[in-house]
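S.K.: everything below, folded, please.
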Amino acid sequence: MADDEYQAFLKYGKLKESDTERIRAERHLPDVDLDNYSAVLIGGSPYTISDPDEKKSKEQREVEKKLLDLMREIKERDFPYFGNCYGIGTMAMACGGPVSKEKYGEDVGAVTIKLTQEGKKDKLFSGLPEEFRAFVGHKEACQITPPGATLLASSDTCLVEMFRFGENVYALQFHAELDYEGLALRIDYYKNKGYFPPEDAEKLKEKARPEKIETPMKILERFMDIYKNY
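M.R.: Just a heads-up that it's a prediction; the model follows:
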């Protein structure tokens, strides 16, 4: 599943493998010198950032400590960042935005994302629809926009679908890389992980199949166009 996500980032970001350095952070997160990179991207994760420490493995606690420090450095430097799903939770948590399962979790499937007035003016959305469909599926969410962040998009089911720090740090609750095939793979993988009743897996696939998901991928491609040679 992680391989499929990585290939989706390459495909929709119009990147070659040689353009990137892939890090499987749930296995090991090395020290990262941002001066060696144009941007940082984060996708999904088997981890849940808002779980209490006693529910987390030693490995998860160690990885997340380093990751949260990296998120703070990215924000402080206004370093180009594009964080999907787990990438929004880690950035928000690192920067004082409460993340929990209290409200705004979304069932697996497609929702309508609506840009805020600030979102309509953002460079990633120039010429794109003000409302569009995107795939989601998450148990935890930002409960408010993190202090100092600009809210760019919401949905009827989730208050914070996308925010920006400074000019270059973007975090998204929805998936910008996820097409139907990728969603179906994740439904199979996560059907026993508490996101939905396992017996609903095939129904979720059938419901998602007719969705026309295009704008999220254009957002990802635009980010790459702007920052790949930053």
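S.K.: who does the residue nearest the centre of the chain form a beta bridge with?
M.R.: Nearest to the centroid of the C-alpha atoms of the chain, with distances taken as Cα atoms, centre = their mean, sits Asn84, at 0.9 Å. With DSSP bridges as the criterion, Asn84 is bridged to Leu172.
S.K.: and Cys142, by the same measure?
M.R.: Going by DSSP bridges, Cys142 forms beta bridges with Val99.
S.K.: so what pLDDT did it get?
M.R.: With respect to pLDDT, Cys142 has a value of 97.
S.K.: you'd agree it is up against Gly87?
M.R.: No - applying Cβ atoms under 8 Å as the test, Cys142 and Gly87 come out as separate, 11.7 Å apart. Every residue, glycine included, has its C-beta placed from N, CA and C.
S.K.: higher neighbour count, the two?
M.R.: Comparing Cys142 with Gly87 by neighbour count (other Cβ atoms under 10 Å), the higher total belongs to Cys142, at 27 against 23.
S.K.: so how far is Asp35 from the more buried one?
M.R.: According to Cβ to Cβ, to the nearest Å, Cys142 stands 29 Å off from Asp35.
S.K.: repeat that for Thr157.
M.R.: 39 Å.
S.K.: neighbour count: the two, which is higher?
M.R.: Each of Thr157 and Asp35 has its neighbours counted (other Cβ under 10 Å); Thr157 has more, 15 against 7.
S.K.: which non-adjacent residue is nearest the more buried one?
M.R.: Distances taken as Cβ to Cβ, 6 or more residues apart in numbering place Glu106 nearest to Thr157, at 5.1 Å, with adjacent residues excluded.
S.K.: dump the residue contacts of that neighbour.
M.R.: The contact partners of Glu106, taken as Cβ atoms under 8 Å, 6 or more residues apart in numbering, are 136-138, 141, 155, 157-158, 173.
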